[in-house]
Every structure is written in C-alpha cells, then in structure tokens.
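>>> No letters, just coordinates:
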C-alpha cells in the first residue's frame, strides 16, 4: 500500500514527468544535432577532399605551366639555331637545364632516331628502339603539340642512373645537310618531384591521390607506383574516366571510398582523390559516444535536481496531507504552520479555518445532541409520570374502597421509590442496581393493577449492581412488553429482566411471551417510523440514540420478535464501574 502511495505521490509524479520531458527533449535535440553533425561532417569531409584535390590540381597546373614555359624556351632556342648542334646551343641548353633541379635531360633527335644534340652529353645505348617509344611517336603524330608521356624508366643514355621520368616531347623542324626535316625535342622531368608533391597530400589517415590520363585511363601516378605495371585492380579507373569534374562513391576495393575527380588543363590528366568513409564514420562514432556520455551525465544531474525540486514542492503538501489524516482520525486540535508557496500557504490557511469551523460545529452538535437528549428524556418522563401516576392513583382509590390497606401501602411505597429514582437528583447516569430497583418498583405497581395478568422475574448478579448505566433504559421496554405484548393475551404473561456480562460488555435483556410483532414493524421500530399511542416508540428510539451518543456505534439496542412467540429486547453497554463524580445533566 505504501509503495502504491509513493508511486501515486506528487513528488514521484513531478520527478518522473520532469525526467521524461527532459530526456525526451534531450533525445530529440541529440538526434537532431547528431544527424546535423553527421551530415555536416560528411559534407565537410567531401568539401575538404574537393578543396585539397582542387589545390593539387592548381599546383599541378602551375607546375605543368612552368615546365611548358621551360619547354617553350628550349623549343625557341633550338628553332632559332635550326637544330644545328653548335657550342652556343649546347651552352644555352645546359643553362636551361641548370635552372631547374627536376630536369633530367634535354635532347634533340632526328626523325630517324639519331641524337642531334643535348645535355648531358652522354652516349646513347644501343637497341633503345627510340622510334617505337610512345613519346617519340606521339610527337611526330601530333605536330606542334606538346605531349606528356606516362612515367617510365629512362634508358636512353649510358652511365646515367635509371630514373623514373615523365617525358615532354614535341616535333620541330631542323636543318640537316642543307635540307629541312622533322625532329623531336625531348625534355625528361624527374618523376620524384611529382611524387614528393603528391605524397604530401593528406586525405585522412588512409586517403591518397592518383593520376590517370584521359585517353586510355592509364595510371600516370599512384602512391604504389611500383604496382602500376603489375596491376592496381581495386582502382575503378573506368568509373573515373566518366568524370571530368565530379565525385562518386566506390566500393570496388572492398571499402566505401569517396572519389573526387578533377581534370588538369592542357594535358588532360585526371586527378583522383580517394577518401575512406569509415574514417568519417569513426569521427561520427566518437561524437555519438560523447553525446551518449553527456546524455547520461545530464540525466543523472536532472534526476538529482528534479528530486530536490519535487521534494521542495511536495513537502508542504505532504505536511498538509498528514494533518488531514490526523483530522480524519479525530484529532481536531491539529494546526498547520503556514509556510511554503503561495498556493500551499492559502491551502494551509483554509485548512486551519476549516478545522476550526469543524471543531466549532462538532461542539455545537454535541451541545445540541445533549440538549435533545435531555429534552427527549424529559418528554419520556413527562409521558410516564402523569399517565402512570393517574392510573396508579386510580388503582389506589379502588384498593382503599376495598379496604386493602397492605396493598395500598405497598403501591404507595413503590410509587414513591419509582419517582425518586426517576428524578435521581437530575443525574443522567446511575448504577445498574438503581435501574433494576426502578424497574422492580414499576413492575410491583403494575402487578397491583393487573393482578394475575402477568408475573415477572428479575435475574441480576450482585457483582453487576455497581456498574454504571444511563438512566431509564429498561422502563420503556418493560412498558412495551406489558402494554403491547401481554395486555392482549388470554393467558398469563411472563416478563423476564436479566443482566449479564460478556467480556467488556454489559448485556441487558427484557423478554416477554406476548403476541410479538411482524418483521416490517420490527425493522422500523427503532427508526421512529412506528409509534404507539402512548409514546413508547419515542422511548425506544430515545434509548437507542442515547446509548450510541454516549458510547459509540458499537453499542445500542436490538430487538428480536416472532408473532405469538414473544419479543426479546437486548441492550448492550460497556462494563464501566460507577464513580461518584458523575456528569450532571
């Protein structure tokens, strides 16, 4: 039951709803922020990759432009000298080669593949098949067009290391033996320079950049350059060739990768930047883990704060509830100290006013009930005394006329004792002995009147005579038994008055063998809806209400009756010893 009250308490409800609303809002905000961050992080990663590749594109274009300008200078020098190998031309070419560290060699070849001039001045190797090499054929096939070859190992000259180079070539008209013919200018660029530039590009921990040509999709550069000719099957070159400017997701290598493609102007190379999505997801996972921890910490903080706030809000209400429970138990002297929020303060003030008013009304009700009880008792006595006195005196007159002196004395003596106990100096509570004496005198007088109409029996243990009882609770039932139960019988009636103790309860019974009553009459008798001509109904209800008013709902009067069998009236009161300082009416 206590657990149920806790669950239904205001503090519990405030705490739960505060947490539910806070957590719901935080979850919604967290999800929105997480989705926003994920999209922003992905977009930032995409944008960062694009910017890096565009920067690489710009750098490569600047580098190619610089090399092209250098090549144009070489072309101009050779064209001016008509390709005739003079010491002056050789010095000029050496000077040009010395201006850039990345130039490996500058040479001029005739259309038959023979070396005309160049630097360094090194003897050519045999069986180079120079005319079959791509850069040579491309230069002759595309007159006046500067071409760039794929990276390859330079193997033209003796005593030179096998360098990885990119060859720049272009056809040119030269004069040999007094006639003009086509020649090919060759400028070899050290590939290591490009390799160093591309290796500095950072696209995450695993990202990289590679370059392909736009014609056949051959790989010009790759971080794993040594695998170019053995195959880099995880690079989806065919997909990259479809783009000159764009991006796409690629799963060909077994991992999701973002490929950003940019085309280098003039030479048609495509730069492909590769970024791995799992690195982006890793960042997102770290953020999500951080947000989960943050949510847990905030949840604990909210739990503590909401508990404190709800306790502060509900504490005055709990005090008010406890005070109401005290009032419910009958403690009408309960008072609440007015404090707390404005609403609670107003409730406390109203509660104190209500309790004060209830206490006043209860005191007023008690006084009214006491007055009503006294008035009804006086009514009962006023009903008993004149009528009973009138009948008794008539009986005494008849006895005097019949010269029955002893019966006259007995009747007068019993009558005086009867009225003495009825008055009882105004007391409302007397001893059981006095109540039994009152009934005995009443029955003696009635016996004198009715002669052999009835007989009676009084059974009371001597130990109970000193117990207390409200005054005049037996007389209405004895009178009722005589007038309504026995008077209309043809046979002799019998009345029994018995008193016994059952635990902490005194049980009084008035039994007769009279005519009895119906069930409906029995049920309505104590409610006051049935009343006899001489007012016994008032007396019955008065006794029952007086007992319950004094001792509570657990005590009172009950009646059992059957037609032609008789009636039994049972009175229950608590077993209390009589004290001299009794309440006065």
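On my side now, so go ahead. None of the values given here were measured: they were computed from a predicted structure.
>>> residues in contact with residue 26?
Shown in contact with residue 26 (C-beta atoms under 8 Å, 6 or more residues apart in numbering): 295, 298-299. In short, each C-beta sits where N, CA and C put it, glycine included.
>>> Buried only: go through those for me.
Neighbour-count burial (16 or more other C-beta atoms under 10 Å) is assigned to none of these.
>>> now the helices for the stretch 251-400 of the chain?
277-328, 342-401 (DSSP state H, counting those that start in this stretch).
>>> Beyond the longest one, next helix or strand please.
Scanning forward in sequence from helix 342-401, with DSSP states H and E defining helices and strands, the next element found is helix 405-423.
>>> State the mean pLDDT of that next one.
For helix 405-423, the mean per-residue pLDDT is 75.
>>> from the middle of its chain, how far away would that helix be?
On the basis of C-alpha atoms, centre = their mean, to the nearest Å, helix 405-423 is displaced by 83 Å from the centre of the chain it belongs to.
>>> mind listing what's buried in it?
So, applying 16+ other C-beta under 10 Å, buried residues of helix 405-423: 407-408, 410-411, 414-415, 417-419, 421-422.
>>> cool, and stretch 58-71?
By neighbour count on 16+ other C-beta under 10 Å, the buried set for stretch 58-71 is 60-61, 63-64, 67-68, 70-71.
>>> got it, and stretch 239-246?
239-241, 243.
>>> likewise stretch 464-473?
Using 16+ other C-beta under 10 Å as the test for burial, stretch 464-473 gives 464-465, 467-473.
>>> any idea how far residue 140 is from residue 214?
21 Å (C-beta to C-beta, to the nearest Å).
>>> let me fix that: residue 104
22 Å.
>>> Comparing the two, which shows the higher neighbour count?
Per other C-beta atoms under 10 Å, whichever of residue 104 and residue 140 has more neighbours is residue 104, with 23 against 15.
>>> measure that one to residue 218 for me?
For residue 104, the distance to residue 218 equals 21 Å [C-beta to C-beta].
>>> Which single one of the buried residues of stretch 239-246 is nearest to residue 441?
residue 239 (128.1 Å; C-beta to C-beta).
>>> Find the helix or strand that the closest one is a member of.
helix 237-241.
>>> Quick check: neighbours of the next helix or strand after that helix in the sheet, parallel or antiparallel?
For helix 237-241, the succeeding helix or strand toward the C-terminus, using DSSP H and E, is strand 245-250. Applying DSSP bridges, strand 245-250 is found paired with strand 257-263 (antiparallel).
>>> List the contacts of the partner strand.
45-46, 49-50, 53-54, 56-57, 214, 236, 239-240, 243-251, 269-277.
>>> Please measure how far the first residue of stretch 108-118 sits from its last one.
For stretch 108-118, the separation between the terminal residues is 6 Å (C-alpha to C-alpha, to the nearest Å).
>>> Mind listing what's buried along that stretch?
Buried positions in stretch 108-118, judged by neighbour count with 16+ other C-beta under 10 Å: 108-109, 111, 115-118.
>>> Show me how the protein divides into domains.
As given by automatic domain parsing, the domain ranges for the chain are 1-331, 362-574.
>>> residue ranges with poor pLDDT in the stretch 301-450 of the chain?
Along the stretch 301-450 of the chain, the model assigns pLDDT under 70 to residues 330-332, 334-344, 370-391, 393-395, 398, 402-403, 423-426.
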